[in-house]
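**Q** Turn this into a model:
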Amino acid sequence: MRNPELSTDFTMMYLMHDALRRELGHMNALAARTDVDPREVFRGAPGWQLFKDVLLVHHSAEDAALWPGIRDAVEGKPELLAVLDAMEAEHAHIDPALEAVDAAVAAEGADGGALAAAVGLLTAGLTAHLAHEEDEGLPIVDAHATPEVLQEFGVAHSKGFGAKAPQVLPWLLEGADAADTEATLRTMPEPVRAQLAAEWQPAFAALGRWGAPAA
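**A** A predicted model of the protein is given here:
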């Protein structure tokens, strides 16, 4: 749920969270299928690796460029520091959950129940973290982040995605409403917007990230 009382424009953060939730929905639907072996789809389709890559960059940027600056700003406020501690602890639980899905995908000779269970645990942990961050973390960022900290966070994201941008930007905008899409495109140079429309989005639509036809 987006908080209308926040003064900072967190459009990109919410788009990232919405996209992660969307992909979790795809993964749960796939893991529950009985007409195919979901493990084979996870192995062959690019959606799982793309999800992991995006999540790693997003959390790494928060850990390296966002939370340290906020932590400095709220020093001496234990109730706020406790929220930041919780954000970091929740991040630490995500990697093992991803590894559990990888292990279930790689398992030979087992039924698909292990994959469905692992995806379910990942979904529960990550969605709870995203909601916690939106409800408690973003208001702290809104109140205490300097423009420099927010800029550093944005730069860390951009550097992290690097050559993946042609896939990540269409991935991020898929299903976004018109207002969020317009707000995001306004931040991009015209050549990037043109390339996004002419090349990146059509290529992403044809990617078939969760198997053919494209999801």
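
**Q** Sketch out the helices for the protein, chain order is fine.
**A** Using DSSP state H, the helices of the chain run over residues 11-31, 38-44, 47-61, 67-73, 78-106, 113-132, 138-144, 147-161, 165-173, 178-186, 190-195, 201-205.

**Q** Quick check: which helices or strands does the longest one pack against?
**A** Translated: helix 78-106. helix 38-44, helix 47-61, helix 67-73, helix 113-132, helix 138-144 (3 or more C-beta pairs under 8 Å, 6 or more residues apart in numbering; DSSP states H and E). Where you see a C-beta, it was placed from the backbone N, CA and C, and this is true even at glycine.

**Q** pLDDT on the first one, on average?
**A** Regarding helix 38-44, the rounded mean pLDDT is 91.

**Q** re earlier: in TSV, list the helices of the chain along with mean neighbour count and distance to Glu5.
**A** Formatted as TSV, those follow (neighbours: other C-beta atoms under 10 Å; distance: least, C-beta to C-beta, whole Å):
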stretch	mean neighbour count	distance to Glu5
helix 11-31	19	14
helix 38-44	17	40
helix 47-61	18	24
helix 67-73	17	18
helix 78-106	15	17
helix 113-132	17	17
helix 138-144	18	8
helix 147-161	16	18
helix 165-173	19	25
helix 178-186	13	18
helix 190-195	12	31
helix 201-205	15	33
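
**Q** quick one: Val74 from Ala205, how far?
**A** The gap separating Val74 from Ala205 is 43 Å, by C-beta to C-beta, to the nearest Å.

**Q** okay if I get the helices of the chain as JSON lines plus distance to Pro4?
**A** Listed next are the helices of the chain as JSON lines, based on distance: least, C-beta to C-beta, whole Å:
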{"stretch": "helix 11-31", "distance to Pro4": "12"}
{"stretch": "helix 38-44", "distance to Pro4": "38"}
{"stretch": "helix 47-61", "distance to Pro4": "23"}
{"stretch": "helix 67-73", "distance to Pro4": "21"}
{"stretch": "helix 78-106", "distance to Pro4": "20"}
{"stretch": "helix 113-132", "distance to Pro4": "17"}
{"stretch": "helix 138-144", "distance to Pro4": "12"}
{"stretch": "helix 147-161", "distance to Pro4": "19"}
{"stretch": "helix 165-173", "distance to Pro4": "22"}
{"stretch": "helix 178-186", "distance to Pro4": "13"}
{"stretch": "helix 190-195", "distance to Pro4": "27"}
{"stretch": "helix 201-205", "distance to Pro4": "30"}
